[in-house]
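Asks: next input, structure requested:
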Amino acid sequence: MKKTNKEEIFIELKRRIIDMEYKPGSPINEKNLIEEFCVSRTPIREAILKLSQIGLIEIKPRIGTFVSDIDISSVKYAYEIKKNLEGLAAELAASRITDLELDELFSIIERFKNYDIINDYKKCIKDDQLFHKIVRNASRNPILIEMLDSLNTKTARFLQYIEYVLDDFDWFYSSLNNMANAIKNRDLENSRIICEEHTQKFLDQMSKKFFS
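Replies: Residues are numbered from 1 along each chain as shown. All right, here's what the predicted structure looks like:
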């Protein structure tokens with residue numbers, strides 16, 4: 001295997017944690033990672049430190065390094081903040097998105113037509129996250145993108161942890177489709193409103209089941 005740089009290691013370990021390949025509380029074995037990625041200890045340590053800074057890894061001195069537990073309260077707070085920030089991203093995207101990014105949004109919507117919401121829940125979660133990532137990147141606001149990426153890390157991991165299955169697929173599909181069309185039509189106000197309503201409904205559903 002070719003040598004991997006620290007950013008690639010960070011991205012891969014982050015993916016494994018979010019996708020539940022590394023379960024909450026499980027130990028991180030640096031020696032195994034050094035062998036897997038064919039690198040020295042330094043880039044592994046740097047990736048682990050970066051993951052600890054965004055709350056995915058907990059470093060316990062003289063004990064070990066572990067995948068962080070999921071804090072339900074922080075997930076709830078993340079959804080509350082995401083509502084307005086995702087709406088702002090959609091509003092900005094409506095004036096700044098490229099044709100290629102629009103094509104990617106509608107490709108995701110087409111894929112949803114073929115998903116089984118029970119068996120393909122992982123694909124549904126990933127494509128929903130990808131949809132919103134495209135929208136926030138299209139905002140062309142690096143501070144907003146960074147903030148939403150951080151919040152999304154918390155919510156995406158939680159959804160994978162609970163193996164979330166859509167309660168109302170018809171609404172979900174219609175909501176994404178309406179959002180994409182509002183952005184395509186350069187309708188800034190409706191892009192924001194639809195996105196805010198989309199996030200609020202997720203928060204309402206999560207609150208009923210998991211948040212006090």
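Asks: number of nearby residues for the nearest residue to residue 106 once chain neighbours are set aside?
Replies: Spatial nearest neighbour of residue 106, excluding adjacent residues (Cβ to Cβ, 6 or more residues apart in numbering): residue 180 at 5.9 Å. C-betas here are computed from N, CA, C, even on glycine. Per other Cβ atoms under 10 Å, the neighbour tally for residue 180 reads 23.
Asks: and what about residue 180, helix, strand or coil?
Replies: helix (DSSP: H, G, I helix; E, B strand; the rest coil).
Asks: wait, residue 178 sits on residue 193?
Replies: No. Residue 178 lies out of contact with residue 193 (Cβ atoms under 8 Å); the separation is 9.9 Å.
Asks: now the strands for this protein?
Replies: All strands of the chain, identified by DSSP state E, fall at 57-60, 64-67.
Asks: in contact with residue 57, which residues?
Replies: By Cβ atoms under 8 Å, 6 or more residues apart in numbering, residue 57 lies in contact with 17, 28, 48, 51, 65, 66, 67, 68.
Asks: if you could redo that for residue 94, that was the one I meant.
Replies: Applying Cβ under 8 Å, 6+ apart, we find residue 94 in contact with 182, 183, 185, 186, 187, 188, 191.
Asks: which members of those residues are the farthest-apart pair?
Replies: The distance between the two most remote of the contacts of residue 94 (Cβ to Cβ) is 9.8 Å, for 185 and 188.
Asks: which parts of stretch 78-94 are buried?
Replies: Neighbour-count burial for stretch 78-94 flags 78-79, 82-83, 85-94 (criterion: 16 or more other Cβ atoms under 10 Å).
Asks: could you find the closest non-adjacent residue to residue 6?
Replies: With Cβ to Cβ, 6+ apart as the criterion, residue 6 has its nearest non-adjacent residue at 3.8 Å, and that residue is residue 43.
Asks: give me the local confidence score for the one you found.
Replies: pLDDT for residue 43: 95.
Asks: next one: residue 212
Replies: 68.
Asks: could you do residue 2 as well?
Replies: Note on residue 2: pLDDT of 54.
Asks: cool, residue 118 as well?
Replies: With respect to pLDDT, residue 118 has a value of 85.
Asks: so where's this structure shaky on pLDDT?
Replies: For the chain, the stretches with pLDDT under 70 are 1-3, 212.
Asks: what about the longest helix in it?
Replies: helix 72-96 (DSSP state H).
Asks: out of the strands of the chain, which one sits most buried?
Replies: By mean neighbour count, with neighbours taken as mean count of other Cβ atoms under 10 Å, strand 64-67 ranks first of those at a mean of 17.
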